[in-house]
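> For reference, the sequence and a predicted model appear below.
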Amino acid sequence: MLAFSIAKIAHMDSPHDALTKCLLLAYPDHLARRRDQGTLVCELRNGRRAELAKTSAARHAPLIVATEIRETGGRGQAAKTMLSLAAAVREEWLDELFPDSRQTETVLEWNVPQQLIEKRIRSSCLGVVMEEKVLPGHDEPGAGALLARMIRDRGLHLAGWNEHVDAWIARVRWVAELFPERGLITYDEGDRELLLSELCDGEWRYVKVKEKPVLGLAKGLLSYDDQQFVERMAPETLPLPTGRKMRLKYTPGQPPHGSARIADLYDLKSTPKVAAGRAAVLLEILAPNNRPVQITDDLAGFWERHYPTVKKTLSRKYPRHEWR
């Protein structure tokens, strides 16, 4: 086949073109395309890069075939791939000599400066990119998945993933520990991947995702019944006798924690409990200046043993405060 092609070339082409075509047939993996006319940098097959020798007669050609490819460098110098003994190639020769070597592929890539997904349509021959079109990735179904991966791998900040989301996840994990029979999700790595994928679904630009609210999606990973169960077993707040609400903080493996001023607890005789009575709240009892005077999960014991001393000490500092 090669001999037939060479014979055909010799019959139809000028001696110079015939020789270049023969070189191209002999070294198809040495095809290279100049990246631009301002440099001598060339692209070889499969994305490799090399530099054409400055003295090459083909230094002005957009396509070349180099019969010699060598590595330079060493002794502290950066390694460089050099091309020499090169000849100019016409693109139409590729279709003539390699009619089945043209390929077109569409790939999605992350644009680092603009922080978005691009669609690149690449036409290549013999593994060397001949032409590339860059388009927005908005119409590609895989753009959202790639965007989610870039956000995760690059640690990009999501303003919508705030303290409210973290608090919800902590509540769910806390309830899951007390009620393993419920089979709640725990927002492990797989759950978080799913949540990020949901957040990026249909999107291709980071700017459109970073401000998106996350809490609704995070809750949506649970069924409505499971959401309501978490709300009942681990409420965000507890009502106090004065009408105020005490916010609770949940940390897996620890009792729920709440803070309240001492005056708001006067009519509360025993430690409040959550999770259907399975867990007592660890109370941080605050003085009128909001500084803690006691941390306890035994409120009845505090009133009996510690409050008389606390009242005697603090009533001198805060005489206008109500003391019972």
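Ah, there it is.
> Okay, helices next: where are they in the stretch 51-200 of the chain?
With DSSP state H, counting those that start in this stretch as the criterion, the stretch 51-200 of the chain has helices at 91-97, 143-153, 163-178, 189-200.
> Which of those helices sits closest to Thr242?
helix 163-178 (24.1 Å; Cβ to Cβ). Any C-beta I mention is one placed from the backbone N, CA and C, and that applies to glycine too.
> same for the closest one, what does it pack against?
Here helix 163-178 is seen to pack against helix 215-220, helix 224-233 when contacts are counted using 3 or more Cβ pairs under 8 Å, 6 or more residues apart in numbering; DSSP states H and E.
> hmm, try it at 10 Å
Counting contacts by 3 or more Cβ pairs under 10 Å, 6 or more residues apart in numbering; DSSP states H and E, helix 163-178 packs against helix 189-200, helix 215-220, helix 224-233, strand 245-249, strand 273-274, strand 279-280.
> if we can go back for a sec, so which of the helices of the stretch 51-200 of the chain comes closest to Arg49?
So among those, helix 91-97 is nearest, using Cβ to Cβ, at 19.8 Å.
> Restrict the closest one to CA atoms and write it as CSV.
This file holds the C-alpha atoms of helix 91-97, laid out as CSV (Å, rounded to 0.1, in the frame of the first residue of the first chain):
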residue,chain,number,x,y,z
GLU,A,91,-3.7,20.5,4.9
GLU,A,92,-5.4,19.1,1.8
TRP,A,93,-2.6,16.5,1.6
LEU,A,94,-3.8,15.0,4.9
ASP,A,95,-7.2,14.2,3.4
GLU,A,96,-5.5,12.8,0.3
LEU,A,97,-3.0,10.6,2.2
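> List the contacts of that helix.
5, 8-9, 12-13, 17, 20-22, 24-25, 28, 31, 33, 62-63, 65, 89-90, 101-102, 125-126, 128, 130-131 (Cβ atoms under 10 Å, 6 or more residues apart in numbering).
> returning to what we had before: mind giving me JSON lines with the helices of the stretch 51-200 of the chain and columns for mean neighbour count?
Converted to JSON lines, the helices of the stretch 51-200 of the chain look like this (neighbours: other Cβ atoms under 10 Å):
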{"stretch": "helix 91-97", "mean neighbour count": "15"}
{"stretch": "helix 143-153", "mean neighbour count": "19"}
{"stretch": "helix 163-178", "mean neighbour count": "19"}
{"stretch": "helix 189-200", "mean neighbour count": "17"}
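> Identify whichever of those lies nearest to Pro288.
Nearest of the helices of the stretch 51-200 of the chain to Pro288, taken as Cβ to Cβ: helix 163-178 at 27.4 Å.
> out of the helices of the stretch 51-200 of the chain, nearest to Asp226?
Per Cβ to Cβ, nearest to Asp226 of these: helix 163-178, 8.4 Å.
> so what pLDDT did Ala159 get?
Looking at Ala159, its pLDDT stands at 95.
> How many neighbouring residues does it have?
11 (other Cβ atoms under 10 Å).
> ditto for Ala234
If we define neighbours as other Cβ under 10 Å, then Ala234 has 21 of them.
> ok so, going back, for the contacts of helix 91-97, I'd like a selection string for PyMOL - just the buried members, please.
Restricted to buried positions by 16 or more other Cβ atoms under 10 Å, the PyMOL selection for these reads:
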select buried, resi 9+13+17+20+21+22+24+25+28+31+33+62+63+65+89+125+126+128+130
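> now, which of the contacts of helix 91-97 lie within strands?
Of the contacts of helix 91-97, the ones assigned to strands by DSSP state E are 31, 33, 63, 65, 102, 125, 128, 130-131.
> Tabulate the helices of the stretch 51-200 of the chain in JSON lines, adding columns for mean pLDDT and distance to Pro255.
Formatted as JSON lines, those follow (pLDDT from 0 to 100; distance: least, Cβ to Cβ, whole Å):
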{"stretch": "helix 91-97", "mean pLDDT": "91", "distance to Pro255": "73"}
{"stretch": "helix 143-153", "mean pLDDT": "95", "distance to Pro255": "33"}
{"stretch": "helix 163-178", "mean pLDDT": "97", "distance to Pro255": "10"}
{"stretch": "helix 189-200", "mean pLDDT": "94", "distance to Pro255": "25"}
